[in-house]
Structures are given as structure tokens and as C-alpha cells.
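Student: no sequence for this one, just the structure:
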């Protein structure tokens, strides 16, 4: 799917422009074929070194914009 290729790896920012992390995966509803949430690896130097195991799920409903970066509202 094209949306998966476009979104995986993008930085996710909150409304204050603070980096939350990068998209690692996308959660789909198989019945509706719609995106439910983004699985985001928590940011920081540990993630860039591949050491961070922390992930969070961000509901697709809070996404404000998808461009070079993904912006969410809180």
C-alpha cells in the first residue's frame, strides 16, 4: 500500500513541534480497510542507535497533517 510506504519512518511531532518519535508501523481495521493508529517508536538518541524499545500507539483521529512530518493535536 502506498500510504504505508509514505508514512513509515516519518517523524511525528506534537502541536508544540516536539518530536515524539518516528512511525514504525501502521495499525489497520481489516473490516473497514482504514487506518486506526500509527505505531511510533519513542524518539531520542537511543532510537537513532536502534536501542529504544519503547513504542506508543497514536490514534489516527488525532493526526492534523501528514507532510514531510506528521503533526498531531493533543
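Tutor: Alright, I've got the coordinates. In this text the structure is predicted, and so the values were computed from the model without any measurement.

Student: ok so residue 20 is a helix residue?
Tutor: No. Counting by DSSP: H, G, I helix; E, B strand; the rest coil, residue 20 falls outside a helix, being strand.

Student: I'd say it and residue 42 touch.
Tutor: Yes. At 7.2 Å, residue 20 and residue 42 qualify as touching, with contact defined as C-beta atoms under 8 Å. Glycine gets a C-beta too; all of them are placed from N, C-alpha and C.

Student: how about the helices in the protein?
Tutor: 2-7, 45-48 (DSSP state H).

Student: now for the first one, which elements pack on it?
Tutor: Helix 2-7 sits against strand 19-29, with contacts defined as 3 or more C-beta pairs under 8 Å, 6 or more residues apart in numbering; DSSP states H and E.

Student: just to revisit the earlier point, who's more crowded, residue 20 and residue 42?
Tutor: Set side by side, residue 20 and residue 42 show more neighbours around residue 20, with 18 against 15, by other C-beta atoms under 10 Å.

Student: where do the contact lists of residue 20 and residue 42 overlap?
Tutor: Common contacts of residue 20 and residue 42, defined by C-beta atoms under 8 Å, 6 or more residues apart in numbering, comprise residue 56.

Student: circling back to that earlier point, lowest average confidence across the helices of the chain, which one?
Tutor: Note on these: helix 45-48 shows the lowest mean pLDDT, a mean of 54.

Student: what sits against the spatially most central residue of the chain?
Tutor: For the chain, residue 23 is the residue whose C-alpha lies nearest the centre (C-alpha atoms, centre = their mean; 3.5 Å). Listed by C-beta under 8 Å, 6+ apart, the contact set of residue 23 reads 7-10, 12, 38-40, 70.

Student: Return the member of the residues you listed nearest to residue 63.
Tutor: The closest of the contacts of residue 23 to residue 63 turns out to be residue 70 (C-beta to C-beta; 6.3 Å).
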